[in-house]
Structures are given as structure tokens and as C-alpha cells.
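Participant: no sequence on this one, just coordinates:
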């Protein structure tokens, strides 16, 4: 699955058709949702599939419809951003090597963080549900506001474009 995600990113880098980029970005989001399901994070996977692949793809396709353009090739080679991205990726991989193994019951989080959430915050037996119920409410409200604002902007642009067609 990760190799398909890497292949998708490599194809995204070389494409110049914005329509293909938007569609491949949606495919990448679905692949990421699949990886999240494999990691037993079904709630996050559903959010990734609905917002990352569904709503974002529709909003970007709507914006693309308004622009009707293709990306132009850059005048110069973007070596500095490429080097910064590779360095950042290397640092993230290096930092990830120091993390405990996935699902390690002796990881520090199980001795310090989980007991706090399980005992003091809410009376829910699942730590993910406890965090979502007690701390992520405002975060979800903010995400909903951002998606609503983007949708309202697309609708406003579509109405404006529809009005200019009638005037012709």
C-alpha cells in the first residue's frame, strides 16, 4: 500500500494537468484511508476518506472548472524546495527511528498519558473515544467551518460566473 502511495506522489510531481493532479490527490487520500484502516484507526480513516478524498476533491474540481487552466512549467528548476523537502523527510525518518514499536504495551504513552485520559477526564473505556469526546470537539467544529467556508466560496464563484454568462 505504501508503495502505491509513493508511486502516486511521484506521478503527481510530474503531471502538469491540474485535473489529473486533483483526481490523483483524491486517490492518494483513499490510499491513506486504507492505511489508517489497517492501523485500526477507523474513525480517522473515515474522516480522511470523506474530507480528504470526497469534499476536497469536489471543491478543487469546482475551482478548476472556474479556472479552466493547466499548470505552466516553471522557468527555473526548484532545487531549493526539493532539497528542503528531502531534508525534512530525512529528519522525520530519523526522528521516527527513535519511536517505540507500534502497539508496544511498554511504550511511555501507556504509562503516562493513557492513565490520565482513562481515569481523570472521562469515563469511557476506549482512549481514542475519550480523546475525541473530551478534547476534539472544538477541532471538529473548526474543520467543519473551514470546509463550509470553502464550499460557500466555490458556490459564490459559480454564481458570479453564471451571472456573467447571462450578461453576454
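Facilitator: Yep, it's here. Since the structure is predicted, the reported quantities are computational estimates derived from the model, not experimental observations.

Participant: checking residue 106 next. Helix, strand or coil?
Facilitator: The three-state assignment at residue 106 reads coil, by DSSP: H, G, I helix; E, B strand; the rest coil.

Participant: list the contacts for it?
Facilitator: Contacts for residue 106 were tallied using CB atoms under 8 Å, 6 or more residues apart in numbering; they are residue 100. C-betas here are computed from N, CA, C, even on glycine.

Participant: number of residues surrounding residue 29?
Facilitator: Look at residue 29: counted by other CB atoms under 10 Å, it has 20 neighbours.

Participant: same deal with residue 48?
Facilitator: Counted with other CB under 10 Å, the neighbours of residue 48 add up to 21.

Participant: for it, what are its contacts?
Facilitator: 29, 32-33, 36.

Participant: quick check: it vs residue 26, distance?
Facilitator: Using CB to CB, to the nearest Å, residue 48 is found at 11 Å from residue 26.

Participant: if we can go back for a sec, and the contacts of residue 48, which are buried?
Facilitator: For the contacts of residue 48, a burial check counting by 16 or more other CB atoms under 10 Å picks out 29, 32-33, 36.

Participant: and for residue 49, nearest residue in space, chain neighbours not counted?
Facilitator: Distances taken as CB to CB, 6 or more residues apart in numbering place residue 33 nearest to residue 49, at 4.1 Å, with adjacent residues excluded.

Participant: and residue 64, by the same measure?
Facilitator: In space, residue 64 comes closest to residue 18 once its chain neighbours are excluded; the distance is 5.5 Å by CB to CB, 6+ apart.
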